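*Asks:* I'll drop the sequence and a predicted model, then ask my questions.
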There are 2 protein chains.
Amino acid sequence: MKTLTKAEEEIMQYLWKLGEANVATLMEEMPEPKPAYNTVSTIVRILQDKDFVNYRKQGRGHIYFPLVSKEAYSKFTLSKLKDNYFEGSLKNMVSFFVNKNQLSISDLEEVLNEINKNKKA
Amino acid sequence: MKTLTKAEEEIMQYLWKLGEANVATLMEEMPEPKPAYNTVSTIVRILQDKDFVNYRKQGRGHIYFPLVSKEAYSKFTLSKLKDNYFEGSLKNMVSFFVNKNQLSISDLEEVLNEINKNKKA
DNA sequence: TAGTTTAAACGAAAACTTTAGTTTATGTTT
DNA sequence: AAACATAAACTAAAGTTTTCGTTTAAACTA
């Protein structure tokens, strides 16, 4: 999977949020100062080249939608982070959170409980 | 904290690994095809500007060392990932790992055990 | 201390990313 | 069907990052 540049990733975030959108809709979502229509249009086309989006035709325009899910891309990104910063061990990564007190033990227990709950159901 | 570009981050990885190094040592570590000496030298200087490294003089050269720890930078990077992909919730992030079966429940329990062990000690 | 060597600093070319104007194609309206 | 409107495609300029040749400075050597 190719990595996304900053501008590309920003557009993907809107597409993931919206599910699908044409360029005008994407622009509506974006905060001021909005980029030019052509700017967004170009980035979407680059995302097409990178196989991150595809489109269906509607009227005279295109409606774009993600080919790569947010999940898949976050998994990919986390995986790189894991390899580069935690010797490839996810366990190390989770331990890191807890040790940094960004994640409490009760949070962790809660995650476990939810999983066990789902198992029973 | 500034974000690092690809080339910058790669050099930081070597500095974190080595603790400290001059440009020649960094180059030794790098795989073929090695970049030009000047390339590495320039990147290190950019890292200086960004306050990621400092140096001490030795002989006629500089020995560079990290000012920002690998931990601090991974925390920073993970934090952005968390905000952009998990609605700012680390718990969501950990749940994601487990659901993707990248992290087993026994791993998670192991993390908990280790923490509890450390508490007692 | 003058000459030599080595490494950092500088500067600029090459590659890549971002932005947006112009052109082209295709629906839409009259 | 011709004129019009709209949006994608193309192109290129501007901005950033990466790469490395040249210059400058500093330490070592004779």
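*Replies:* Now that the structure is in, tell me what you want to look at.
*Asks:* Chain A against chain B: which residues are in contact?
*Replies:* A:13, A:70-71, A:73-75, A:77-78, A:81, A:84-86, A:90-91, A:93-98, A:100, A:102-103, A:105, A:107-112, A:114-115 (C-beta under 8 Å from any C-beta of the partner chain). For the C-beta atoms, the positions are set from N, CA and C on the backbone; glycine is no exception.
*Asks:* ok, 7 Å please
*Replies:* Chain A has residues A:13, A:70, A:74-75, A:77-78, A:81, A:84-85, A:90-91, A:94-95, A:97-98, A:100, A:102-103, A:105, A:107-108, A:110-112, A:115 near chain B, with proximity defined as C-beta under 7 Å from any C-beta of the partner chain.
*Asks:* Quick one: buried ones out of these?
*Replies:* Buried subset of the residues of chain A next to chain B (neighbour count, 16 or more other C-beta atoms under 10 Å in any protein chain shown): A:13, A:70, A:74-75, A:77-78, A:84-85, A:90-91, A:94-95, A:97-98, A:103, A:107-108, A:111-112.
*Asks:* pLDDT score for residue A:119?
*Replies:* Per-residue confidence (pLDDT) for residue A:119: 67.
*Asks:* still on that earlier bit, next, check the residues of chain A next to chain B against the strands and list the overlap.
*Replies:* Assigned to strands by DSSP state E, none of the residues of chain A next to chain B qualify.
*Asks:* Out of these, which sit inside helices?
*Replies:* If you go by DSSP state H, the residues of chain A next to chain B have A:13, A:70, A:74-75, A:77-78, A:81, A:84-85, A:90-91, A:94-95, A:97-98, A:105, A:107-108, A:110-112, A:115 in helices.
*Asks:* Poorly predicted segments of chain A, please.
*Replies:* Scanning chain A with the threshold set as pLDDT under 70 gives A:101, A:119-121.
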